[in-house]
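In: What follows is a predicted structure for the sequence shown.
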Protein chains: 2
Amino acid sequence: MSMTHTPSRFNSTLTSQCQKCSLSALCLPIALADEDINKLDQIIERKKPLKKGEFLFRQGDTFNSVYAVRSGTLKTFNITSYGEEQITGFYCPSELVGLSGIDSNKYPVSAKALETTTVCEIPFSHLEDLSVQIPSLRHQLFKVMSRKISDDQQMMVLLGKKNADEKVASFLLNLSNRFKIRGYSASSFRLSMSRGEIGNYLGLAVETVSRVITRFQKSELIHVDGKEIEILNFSEMQKLVGVASDCGKIARI
Amino acid sequence: MSMTHTPSRFNSTLTSQCQKCSLSALCLPIALADEDINKLDQIIERKKPLKKGEFLFRQGDTFNSVYAVRSGTLKTFNITSYGEEQITGFYCPSELVGLSGIDSNKYPVSAKALETTTVCEIPFSHLEDLSVQIPSLRHQLFKVMSRKISDDQQMMVLLGKKNADEKVASFLLNLSNRFKIRGYSASSFRLSMSRGEIGNYLGLAVETVSRVITRFQKSELIHVDGKEIEILNFSEMQKLVGVASDCGKIARI
DNA sequence: AGTAATCATTGATCTAAATCAGCAGGCTAT
DNA sequence: ATAGCCTGCTGATTTAGATCAATGATTACT
């Protein structure tokens, strides 16, 4: 064991963690040269796992870092003036959480683990500095933020214009695609969030989510067993959400 | 008239347009040194005014530039799979349009003028280059994008959780604040969008918008004359939208 | 293992907002 | 001017989804 620093299971400077990480093709290192990945690697802190229900940060906390999910799932949410929680997003491995804190230097949302979750902490000031040295990293960062903006706008369309069936179908297909991109099955996966959380996110009552899911199962679009979901009929599901506008969206990385 | 380039009413290289622009304190030049403002100024193209109904860009167009609104108002919208328009935002002077195009190199929305509107075109590749030289510009750009993300998330809360009264009240107070920040009256302004466009944006039917506005007028919260709006009772309006969570949001630049 | 607590499902009822429909005031184009 | 067309307003009716209520099914706790 070295005396000068304490390499841990979560942070070794001998070899690049990012290079070994199976998510590097989806995460910030995308399109970076090996030596640049190493530079990025050195500013990243691997944190110890969060247990289900633990906070990564809270609404109002001072913003210092963005976080890349390594494993598990997070939700972000606001507390409204009536004290209810409003979920603004779910985050899968390789996705970046906390970007909304840059503007005001405080996180405008809280982030909480839906299951045991590990994240890479990326101090934003270091990331900004590094983005000056590495043009492709800078561009990637702009792309990630831009992507977030257009995804959120799609979400606004969903909330403003779609009915319950379309909302739930969009949600399931969106998750399916995110799993697919990460190399998991697109047709069979486990929901890490509760029906209540799905409803909260989609602007629906729990009961409505439950009824829609039951209805989808009866019409053999999906098969459900608790939190396990299997999508049986993709083309019908896609028809439901409106293939033309959404599928392109949903299919993009 | 020079032979080497053609200075126009909209683009003079002799003096910095940005420095003279009354919006510079709100727009990208915020916090820039004079010489840096000049550098920024030189990559910006002032475009000739758009007439009401003209497009700035269309969904699917190749992304090259972001645009700062100089005067007038724009709306951005998606065309859904059913061919309906879904408005995703309204843009006032000093606000940046087109950031959602960075990711895919195509604009995922269309942008259209609601009235005679002038914009500054900012080629994004130049802006990116310049952001390497000017740290405060780079940081400002990250901030603007971050701000957009958190504003859109507030909009998601509005669409998902609020009733018709709260939606319309939030909308009016949000506009009011944007006018106030720009040095116009916070209490008295003109809506550049139709009732139909407001409803579309808020996820409400035109009739509902009309009824809510009439109701607000009857309870003396506002006074309305066509597109002219006067807010008579700010505190009641703020109570309606839920002061705690939204007002801080709405009040920020 | 056993009990409490939370989560999910289903049915009955209610309601906010959509839809349908009719009309009036402004604008544009002839 | 005048016809035709949007835009906005209001009333009547309908409906999708919320709310209320009750009961299983999972999960968490000790």
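Out: The structure has been received and is ready for your questions. Numbering: from 1, shown residues only, chains lettered A, B, ... in the order given.

In: quick one: strands adjacent to whatever helix or strand residue A:78 lives in?
Out: In the assignment (DSSP states H and E), residue A:78 maps to strand A:74-79. Paired with strand A:74-79 in the same sheet, following DSSP bridges, are strand A:85-91 (antiparallel), strand A:110-113 (antiparallel).

In: And those: which comes nearest DNA strand D?
Out: strand A:110-113 (11.7 Å; CB to the nearest atom of the strand). C-beta here means a position set from N, CA and C on the backbone, and glycine is covered the same way.

In: need the contact list for residue A:221.
Out: Contacts for residue A:221 (CB atoms under 8 Å, 6 or more residues apart in numbering or on different chains) come out as A:169, A:231, A:232, A:233, A:236, A:237, A:240.

In: and if you look at residue A:79?
Out: Residue A:79 touches A:59, A:85, A:86, A:110, B:245, counting by CB under 8 Å, 6+ apart.

In: likewise residue A:239?
Out: Taking CB under 8 Å, 6+ apart, one finds nothing in contact with residue A:239.

In: Next, it: secondary structure please.
Out: helix (DSSP: H, G, I helix; E, B strand; the rest coil).

In: Could I get the pLDDT score of it?
Out: On pLDDT, residue A:239 comes in at 90.

In: And residue A:250, by the same measure?
Out: 32.

In: Dump the contacts of residue A:221 to a markdown table, plus distance to residue A:34 and neighbour count.
Out: Listed next are those as a markdown table, based on distance: CB to CB, whole Å; neighbours: other CB atoms under 10 Å in any protein chain shown:
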| residue | distance to residue A:34 | neighbour count |
| --- | --- | --- |
| A:169 | 42 | 24 |
| A:231 | 38 | 21 |
| A:232 | 43 | 15 |
| A:233 | 43 | 14 |
| A:236 | 45 | 15 |
| A:237 | 40 | 21 |
| A:240 | 44 | 22 |
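
In: would you list the strands paired with strand A:74-79 in TSV and tack on mean pLDDT and distance to residue A:203?
Out: Shown next, in TSV, are the strands paired with strand A:74-79 (pLDDT from 0 to 100; distance: least, CB to CB, whole Å):
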stretch	mean pLDDT	distance to residue A:203
strand A:85-91	95	9
strand A:110-113	95	19
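
In: Including mean neighbour count, could those go into a markdown table?
Out: Below are the strands paired with strand A:74-79 laid out as a markdown table (neighbours: other CB atoms under 10 Å in any protein chain shown):
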| stretch | mean neighbour count |
| --- | --- |
| strand A:85-91 | 22 |
| strand A:110-113 | 22 |
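
In: what's the average pLDDT for the strand holding residue A:78?
Out: 94.

In: How far does that strand sit from its chain's centre?
Out: 12 Å (CA atoms, centre = their mean, to the nearest Å).

In: so where do the strands sit in the stretch 101-250 of chain A?
Out: Under the criterion DSSP state E, counting those that start in this stretch, the stretch 101-250 of chain A contains strands at A:110-113, A:118-123, A:188-190, A:222-225, A:228-231.

In: contacting residues around residue A:91?
Out: A:69, A:73, A:74, A:75, A:76, A:97, A:111.

In: nearest residue to it other than its sequence neighbours?
Out: residue A:74 (4.3 Å; CB to CB, 6 or more residues apart in numbering or on different chains).

In: try residue A:137
Out: residue A:131 (5.1 Å).

In: Looking at the strands paired with strand A:74-79, spot the one closest to residue B:225.
Out: strand A:85-91 (35.0 Å; CB to CB).

In: That closest one near DNA strand D at all?
Out: No. On the criterion CB under 7 Å from any atom of the strand, strand A:85-91 is out of touch with DNA strand D, staying 13.2 Å away.

In: Return the angle between stretch directions for that strand and strand A:118-123.
Out: Using axes from the mean of the first three to the mean of the last three CA atoms, to 10 degrees, the inter-axis angle of strand A:85-91 relative to strand A:118-123 is 90 degrees.

In: Output strand A:85-91 as PDB, nothing but the C-alphas.
Out: The C-alpha coordinates for strand A:85-91 follow below in PDB (Å, rounded to 0.1, in the frame of the first residue of the first chain):
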ATOM      1  CA  GLU A  85     -42.700  15.500  -4.800                       C
ATOM      2  CA  GLN A  86     -42.500  16.100  -8.600                       C
ATOM      3  CA  ILE A  87     -40.200  13.700 -10.300                       C
ATOM      4  CA  THR A  88     -38.300  15.400 -13.200                       C
ATOM      5  CA  GLY A  89     -36.200  12.400 -14.400                       C
ATOM      6  CA  PHE A  90     -34.900   8.900 -14.000                       C
ATOM      7  CA  TYR A  91     -31.200   8.300 -14.700                       C
END
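
In: Pull the distance from it to the chain's centre.
Out: 10 Å.

In: quick one: contacts of the helix or strand just after that strand?
Out: Using DSSP H and E, the helix or strand that follows strand A:85-91 in sequence is strand A:96-97. The contact list for strand A:96-97 (CB under 8 Å, 6+ apart) reads A:27-28, A:56, A:66-69, A:74, A:76, A:91, A:111, A:119, A:144, A:148.

In: Most neighbours among these, please name it.
Out: The most crowded member of those is residue A:119, carrying 28 neighbours; neighbours defined as other CB atoms under 10 Å in any protein chain shown.

In: Just give the nearest non-adjacent residue to it, would you?
Out: residue A:67 (4.3 Å).

In: all helices of chain A, in order?
Out: Ranges of helices within chain A are A:17-20, A:34-43, A:124-133, A:135-161, A:164-181, A:195-202, A:206-218, A:234-241, A:248-251, based on DSSP state H.

In: how about TSV for those, with distance to residue B:45 added?
Out: Formatted as TSV, the helices of chain A follow (distance: least, CB to CB, whole Å):
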stretch	distance to residue B:45
helix A:17-20	39
helix A:34-43	33
helix A:124-133	26
helix A:135-161	21
helix A:164-181	38
helix A:195-202	41
helix A:206-218	49
helix A:234-241	39
helix A:248-251	30
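
In: so which of the ones you listed comes closest to residue B:52?
Out: Set against residue B:52 and scored by CB to CB, those come closest in helix A:135-161, at 23.5 Å.

In: does any part of that closest one sit near DNA strand C?
Out: No. Helix A:135-161 lies out of reach of DNA strand C by CB under 7 Å from any atom of the strand, never closer than 9.0 Å.

In: buried residues in that helix?
Out: A:137-138, A:140-161 (16 or more other CB atoms under 10 Å in any protein chain shown).
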